[in-house]
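In: predicted model, plus sequence, below.
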Amino acid sequence: MRTSNVSWAKQDIEKATAFGEHLRQVFTPLSSFHPHDLEISDSLDVPCPMSLPITPFSPVEVSAAIACLNVRKAPGYDLISGKVLHELPPAGVILLTTLYNSILHLSYYPLLWKFAQIVMVPKPGKPAHDVASYRPISLLPILSKVFEKLLLK
């Protein structure tokens, strides 16, 4: 694989550095300030909730969200797959329901669920030796995806 300075990256660390440099150049942070940013920030800091609290999830809802998972999707860094969740016994679903309801009750989203594993996938028909011929895919933990589905309902 060629790096940005046209040298060859042979070791894994060199390849990772080449991908990191390429992604840093392609994905720049949004630096513009929007006038509504302060208004939004102020509304989020209000001590009173703007709506009623979310009703707790039931084990039936959690089971339904798990049933909708695609078992062929790649797992996140924790290696928990959709197939593992499909195989959970009823007691496991109840424990997951308790975990999700505790997240709602405490208003605390687990920090580790915010981390993704980035995998570089080659674009079809592009030269494999060029770092620009790859696209990043973020693999999030499956438990966070189930929680997001429940929260959206």
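Out: Looks like it came in fine.

In: could you chop the protein up by domain?
Out: 1-30, 56-115+141-153 (automatic domain parsing).

In: any idea which of those domains is most buried?
Out: Of those, the one with the most neighbours on average (mean count of other CB atoms under 10 Å) is domain 56-115+141-153, at a mean of 15. (Each C-beta comes from the backbone N, C-alpha and C, glycine too.)

In: compute the first-to-last residue distance for that domain.
Out: Using CA to CA, to the nearest Å, the end-to-end distance of domain 56-115+141-153 comes to 12 Å.

In: now swap in stretch 54-71 and tell me
Out: Using CA to CA, the distance between the terminal residues of stretch 54-71 is 28 Å.

In: now that stretch: mean pLDDT?
Out: The average pLDDT within stretch 54-71 is 92.

In: hmm, back to that, can you put the domains of the chain in CSV and add distance to residue 38?
Out: Output for the domains of the chain, formatted as CSV (distance: least, CB to CB, whole Å):
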stretch, distance to residue 38
domain 1-30, 16
domain 56-115+141-153, 23
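
In: and these, which one averages the lowest pLDDT?
Out: Per-stretch mean pLDDT for those is lowest at domain 1-30 (a mean of 76).

In: now do that domain: distance to the chain's middle.
Out: Remark: domain 1-30 is offset 23 Å from the chain centroid, using CA atoms, centre = their mean, to the nearest Å.

In: let's number from 55 now, not from 1
Out: I'll keep to 55 as the first residue from here, and by that count the last item is domain 55-84.

In: what's the lengthiest helix in the chain packed up against?
Out: Counting by DSSP state H, the longest helix found in the chain is helix 144-160. Helix 144-160 is packed against helix 113-121, helix 196-206, with contacts defined by 3 or more CB pairs under 8 Å, 6 or more residues apart in numbering; DSSP states H and E.

In: relative to residue 137, which of these is closest?
Out: helix 196-206 (9.8 Å; CB to CB).

In: run through the neighbouring helices and strands of the closest one.
Out: helix 113-121, helix 136-140, helix 144-160.
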